[in-house]
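# this one's sequence-less:
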C-alpha cells in the first residue's frame, strides 16, 4: 500500500474537484441505513458527508497523518456529527472491528491500491466477515479503457496546479505512468513542485502502484469471495456499464 503521510497536507486541495460520487453514496446509505464502514477513508472526503446525513460511520486508513487531518476537521463539526465518526489506523486487506455493518464502501479506486492477488481476496473476505447478513458492499474502481491498455510509450504529463492555503504554496503536479499488461499493473510516479512566496522550490515524489481490473474479473473476485453482485453501473448516474464507461461501480450482497 502506498504511503500518503508525506502528501497528506495538500491531499484535500489536490482532490478538491472529486465530488461526483458523494450524492450516489449518500443515496445508497439512505437505502441501507447504518452503521457504515468506509475503507481507505483518508481525510474524510466521503466520511463527513455521510455523518452529516445522520449515519454512524467507522473509517479505516493506513495513513496516520491523513487521519490526523480528519480528526482536526471534526473540531469544526457540530457535536452530533463529530460523535458519529470513528476511525482507526488499519490496512484494508486485514482489518478487525468488533461489530458488523449495514453498508461497507470502498470508494473511488482505493481497492486497486491492493496489487497482490492474495490481498484482494483478503480484503473482500474481511468485508464479508464485517457485513450484516442483509447488508451491502459497494466497490468503485475505474474501468481500464483501450487507449490506456494499448499505450506503449509513457510520457511525462502535466496534471494540474493548485494553491495550498495552509502551506502558502503553489503546487505543480506531474505524472509518469507505465503499464505492465502481463501483470495487470499500472506504475505511476507523481512529481510535486512546491513554490513558496520567495520563489523557492521544494520537490516531492510519490510512487503509486495500482491493479488493473476489468468488469467481469471484478465480478468474479466478488463472487469467489462470497458475494452476489446485484448491480454494476458504469458511472455514478447509474448508467448501464458499457465499453465507454469511466467507472465500474459494483453493489453486492452476501451469499447466503
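Okay, I see it. Note that the structure is a prediction, hence the values are computed from the model and not measured.
# in the stretch 101-250 of the chain, which spans are strands?
Counting by DSSP state E, counting those that start in this stretch, the stretch 101-250 of the chain has strands at residues 101-106, 131-142, 156-164, 169-180, 185-195, 201-211, 227-233, 247-254.
# For residue 43, find the nearest of the ones you listed.
strand 156-164 (13.3 Å; C-beta to C-beta). Glycine gets a C-beta too; all of them are placed from N, C-alpha and C.
# Each with direction, which strands does the closest one pair with?
strand 169-180 (antiparallel) (DSSP bridges).
# from the chain's centre, how far out does stretch 69-89 sit?
For stretch 69-89, the separation from the chain centroid amounts to 19 Å (computed by C-alpha atoms, centre = their mean, to the nearest Å).
# Report the buried residues of it.
Going by neighbour count (16 or more other C-beta atoms under 10 Å), the buried part of stretch 69-89 is 69-70, 73-74, 77, 84-85, 87.
# and the closest residue to residue 213 other than its chain neighbours, bridged to which residues?
Nearest non-adjacent residue to residue 213, counting by C-beta to C-beta, 6 or more residues apart in numbering: residue 141, 6.0 Å away. Under the criterion DSSP bridges, residue 141 forms beta bridges with residue 248.
# doesn't residue 173 make contact with residue 190?
Yes: using C-beta atoms under 8 Å, residue 190 is in contact with residue 173, at 6.4 Å.
# In the stretch 51-200 of the chain, where is pLDDT below threshold?
148-152 (pLDDT under 70).
# Could you dump the buried residues of stretch 69-89 into CSV and include distance to residue 237?
Output for these, formatted as CSV (distance: C-beta to C-beta, whole Å):
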residue, distance to residue 237
69, 30
70, 28
73, 28
74, 31
77, 29
84, 28
85, 28
87, 30
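# Looking at the residues you listed, which are in helices?
Within the buried residues of stretch 69-89, residues falling in helices by DSSP state H are 69-70, 73-74.
# Could you tell me which residues touch both of residue 190 and residue 173?
Between them, residue 190 and residue 173 share these contacting residues under C-beta atoms under 8 Å, 6 or more residues apart in numbering: residue 159.
# How much space separates the spatially most central residue of the chain from residue 138?
Central residue of the chain (C-alpha atoms, centre = their mean): residue 110, 3.3 Å from the mean position. To residue 138, residue 110 is 12 Å away according to C-beta to C-beta, to the nearest Å.
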